[in-house]
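**Q** below is the structure, and that's it, no one-letter string:
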């Protein structure tokens, strides 16, 4: 009993344990439900899974199922980011406990209520559990806002290298606060119209209605909700990585105001989609440009720091190009976290901008299903790419060192980017191949994408198995981590 | 050695991707027994529309073709239309006059003015017709497959040439669904031998080479073809191929846009696109290898 109690203490009371449980769950869910679509369905694996697990997939409810699945995965990621934020920033212990326990119960209710409801027939109590879970997560978000309130004297910046207001309040904390506030409002932005139309049962996927000349309030709200929630999860991720990298100095002072204004303007743009669809797009472009510029400063800072510390480890103050490159690449986890932000520009932001600029000239000339392929690929890549960044951070504080760190980091970078690149070519295939002759290209990109994602899932599984084995050791890593916080750098008085 | 093998395999895969699919790969020929001239009567009445089963009604009887228009039928139309001047062969296209449409000033709306519009391209190797300079004919093994690579203008011209018209979306939906709320024309669930869709493993498909191609009209009628057992997949009113094989053009021109909507899903569609309420759309001049049509008449 004591054995169990100790493990429970680690898994459900410590930050690192909570994150481990959440990553394990999201990995299992992604791997399992990933077998129901795409190539896995093509190869007949879906049929086997549906029969073996006695699933009940009603055709008219496909969109509803997917929405519950997406929300289940997203809520786990939101929980992971929340655990990180409550540990990385100075927050009162009682509030941290409240937030972490509420969001943990919340996301467990979401996945263990929502997924059985969606895939195994409709027990309405399970739907209630799902909605209850979402509500708890919202409540945890409200508590996080209270905890993050940046205008308290105890949160004033003491180290002038960190961005701050003239009165000394931390701009980074304000950025976290604005991101959290925007996330909560944006959650309502999806929840209220979703509930209003058909009591939540008129489900649709945003990518299915983009060509409708007249969109309903529900259509516009869902489109806005999808975009802003993913964008804000990415903003939160960038801010978290900034804490990990001890982002500071002039670039920090430039980036934080951009993150604050960018998050707010971006969110406002998506909320404005409902009343002013055309104008809202320009607001969104403005907001996302600012936030992305903030992320660029983080990348520059991080790479500069990696190079400087790498050279310093070798006793060099300055190095040539090769030495600098070797220093930059010596730690794939720290390099990879920000490299993925750069890579995102090729397969997410770049694609998005290109499609927006050439929409009428190219993409609206195609049939809708080809345009939809881009939209679906676009946000799948953004979501997964953000997850890989968080995974690199986790692998770092989970204690991966030496060769294991090198292998894990480089395999994650190379194979996730292989998958993202392949998916990007697949989604844009009509630019280079007509529908009638596309099959070889489709086959190749599908295989490359599957190899990439397969390897990523395998190394993730290896990481999870390593941590699972550790749990059976009397004095494993877990025994140290149970009392550990994430490594952070104090920019404020404690 | 292992690294070399891996690199070579990767290179071969990439090279394979550069090779387009062989459009002239042979296709099996099966006798389906389909009568391409057959029509089905759809009675006036209420029906469920869309994914969320909204009540809708059509207050007149009408008829729709039991099968999609075939390559052979379209070739015959082109020969007649070119001969009497209602269609013209020019610059590797068959074209015809269209009266244009009102412009509503909608976002992304393209103007469609009066003038010549494309029916089919003649220089696209995905076309299953031959043209010797004077006469059109269907490629032998594709004669009873649905006509593809045809624009909305070309589909409309075909129907109107014989005094018919394209079905509206509502007419199409009622013909496919009948009066209950089934998601597929034949019922609640889809099996691979119900319809021709992406990875449905029909005898015309090779996903390692040319991908999913069309099947002859009415192929999914319960017969067995060279060991391949199909399920009888007619709609409640007896229409075949209302899900899969080719997307089908419908008639409606909605305000603020000139997209034309297609229904039914095609050979390159995943099965969820074969659900009765699923829609695809494109400008009326668009054509594709998994896009065809059938006509309606009062």
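**A** Thanks, I have it. All figures in this text were calculated on a predicted structure; none of them were measured in a lab.

**Q** how about residue A:220, nearest residue that isn't a chain neighbour?
**A** residue A:274 (4.6 Å; C-beta to C-beta, 6 or more residues apart in numbering or on different chains). (C-beta placed from N, C-alpha, C; glycine too.)

**Q** would you say that neighbour is within a strand?
**A** No. Assigned with DSSP: H, G, I helix; E, B strand; the rest coil, residue A:274 falls outside any strand and is coil.

**Q** and it, how many residues sit next to it?
**A** By other C-beta atoms under 10 Å in any protein chain shown, the residues close to residue A:274 number 19.

**Q** cool, residue A:3 as well?
**A** 10.

**Q** mind telling me what element it is part of?
**A** Here residue A:3, judged by DSSP states H and E, is contained in helix A:2-13.

**Q** which strands and helices sit next to the following helix or strand past that helix?
**A** Counting by DSSP H and E, the next helix or strand C-terminal to helix A:2-13 is helix A:15-33. On a contact count with 3 or more C-beta pairs under 8 Å, 6 or more residues apart in numbering or on different chains; DSSP states H and E, helix A:15-33 meets helix A:2-13, helix A:62-88, helix A:93-109, helix A:115-119, helix A:368-397, helix A:439-471, helix A:477-481.

**Q** identify the residues contacting the closest residue to residue B:223 other than its chain neighbours.
**A** Using C-beta to C-beta, 6+ apart and skipping the chain neighbours, the partner closest in space to residue B:223 is residue B:230 (6.0 Å). Residues near residue B:230 by C-beta atoms under 8 Å, 6 or more residues apart in numbering or on different chains: B:193-194, B:219-224.

**Q** which ones among the residues you listed lie within helices?
**A** Among the contacts of residue B:230, no member is found in helices (DSSP state H).

**Q** can you name the two of those that sit furthest apart?
**A** Spanning the widest gap among the contacts of residue B:230 are B:194 and B:224, at 14.6 Å by C-beta to C-beta.

**Q** which of these two has more neighbours?
**A** Per other C-beta under 10 Å, whichever of residue B:194 and residue B:224 has more neighbours is residue B:194, with 22 against 10.

**Q** which positions in chain A make contact with chain B?
**A** A:41-43, A:59-60, A:62-63, A:198, A:201-202, A:211, A:213-214, A:277-278, A:359-360, A:364-369, A:433-445, A:447-448 (C-beta under 8 Å from any C-beta of the partner chain).

**Q** so residue A:292 sits in a strand?
**A** No. When classified by three-state DSSP, residue A:292 is found to be helix rather than part of a strand.

**Q** can you tell me how far the closest residue to it other than its chain neighbours is from chain B?
**A** Nearest non-adjacent residue to residue A:292, counting by C-beta to C-beta, 6+ apart: residue A:349, 6.6 Å away. Counting by C-beta to the nearest C-beta, to the nearest Å, the gap from residue A:349 to chain B is 22 Å.

**Q** just residue A:428 next, same as before
**A** Distance from residue A:428 to chain B, counting by C-beta to the nearest C-beta: 14 Å.

**Q** quick one: secondary structure of the residue nearest to residue A:292?
**A** Applying three-state DSSP: residue A:349 is helix.

**Q** thought it was touching residue A:289?
**A** No. With contact defined as C-beta atoms under 8 Å, residue A:349 does not reach residue A:289; the gap is 9.7 Å.

**Q** for the nearest residue to residue B:68 once chain neighbours are set aside, what are phi and psi?
**A** Residue nearest to residue B:68 in three dimensions, not counting chain neighbours: residue B:146, with 3.8 Å by C-beta to C-beta, 6+ apart. The phi and psi values for residue B:146, taken as degrees, to the nearest 10, are phi -60, psi 140.

**Q** run a quick neighbour tally on residue B:146.
**A** By other C-beta under 10 Å, the burial measure for residue B:146, its neighbour count, is 31.

**Q** contact partners for residue A:461?
**A** A:27, A:31.

**Q** burial check on the nearest residue to residue A:265 once chain neighbours are set aside, number of neighbours?
**A** In space, and not counting its chain neighbours, residue A:265 is closest to residue A:287: 3.3 Å by C-beta to C-beta, 6+ apart. By other C-beta under 10 Å, 23 other residues sit near residue A:287.
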